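S.K.: Fold the following, please.
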Amino acid sequence: MISHAAPSFRIRPIEARDDAAIAAIIRRVMPEFGACGSGFAINDPEVDWMHRAYSAPRSAYFVVERVDAHGDGTVEGGGGIAPLTGGDADTCELRKMYFLPSLRGLGAGEALMTRCLDAARGFGFARCYLETLTGMDAAMRLYARSGFHRIDHAMGATGHGGCNTFYLRELTTD
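M.R.: Numbers count the residues shown, from 1 in each chain. This is a model prediction of the structure:
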């Protein structure tokens, strides 16, 4: 019997074998929102070795796989947290959270956000910061639903000079 159930997703920690898939996703999604050129993650060399970058202390990166009826998964998104470069020790940054269009609207964003914020709390962070840009409207709605509040200035030294919208969330409350 053939199952016609809608595909689901699963979230797991990144593995070295996922590096090429995540790099391709980031480089495909960012231009959708005009995020090209200097100051954007598309040119960040870390994009090519995410597994290694997020093996650092107090860092975690998760991939989201679309799962078919046979249980086979294909990486279609990801996101992570790491200490905020140039920030205080109590603040992490939500980083490189991108999904292919085929994964959007399935609840994967909220599930991944929960996983990232739980990891941040587990690492002892008190706040989570993120940067984005005008036009990423669905992402901004997710941030607001997840308890992030817009702030009027950048924090730390992320190197993402192309971003123009900034959010912060206290992690001590839900």
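
S.K.: C-alpha only now, for contacts and for neighbours.
M.R.: OK.

S.K.: Where is the longest helix in this structure?
M.R.: When every helix of the chain is counted residue by residue (DSSP state H), the longest turns out to be helix 108-122.

S.K.: what's the helix or strand that comes right after it in contact with?
M.R.: The first helix or strand that comes after helix 108-122 along the chain, using DSSP states H and E, is strand 127-132. Defining contact as Cα atoms under 8 Å, 6 or more residues apart in numbering, one finds that strand 127-132 is touched by 84, 90-95, 117, 120, 154-155, 160, 163-172.

S.K.: Which of those fall in helices?
M.R.: Mapping the contacts of strand 127-132 onto helices (DSSP H) picks out 117, 120.

S.K.: so the longest strand belonging to the chain versus helix 108-122, what angle?
M.R.: In the chain, with assignment by DSSP state E, the single longest strand is strand 73-83. Between the axes of strand 73-83 and helix 108-122, defined by axes from the mean of the first three to the mean of the last three Cα atoms, to 10 degrees, the angle is 40 degrees.

S.K.: Would you mark the buried spots in the longest helix of the chain?
M.R.: Buried positions in helix 108-122, judged by neighbour count with 16 or more other Cα atoms under 10 Å: 108-109, 112-113, 115-117, 119-120.

S.K.: I'd like to know which elements it is packed against.
M.R.: Helix 108-122 sits against strand 60-67, strand 73-83, with contacts defined as 3 or more Cα pairs under 8 Å, 6 or more residues apart in numbering; DSSP states H and E.

S.K.: The same query, at a cut-off of 10 Å, please.
M.R.: In terms of contact count using 3 or more Cα pairs under 10 Å, 6 or more residues apart in numbering; DSSP states H and E, helix 108-122 is assigned the packing partners strand 8-13, strand 60-67, strand 73-83, strand 91-99, strand 127-132, helix 137-145.

S.K.: give me the number of residues near the spatially closest residue to F166 that is not a sequence neighbour?
M.R.: Distances taken as Cα to Cα, 6 or more residues apart in numbering place E131 nearest to F166, at 4.7 Å, with adjacent residues excluded. Per other Cα atoms under 10 Å, the neighbour tally for E131 reads 22.

S.K.: per-residue confidence at E131?
M.R.: Model confidence at E131, expressed as pLDDT, equals 93.

S.K.: what does E46 give?
M.R.: On pLDDT, E46 comes in at 80.

S.K.: How far away from the center of its chain is stretch 84-102?
M.R.: On the basis of Cα atoms, centre = their mean, to the nearest Å, stretch 84-102 sits 6 Å off its chain's mean C-alpha point.
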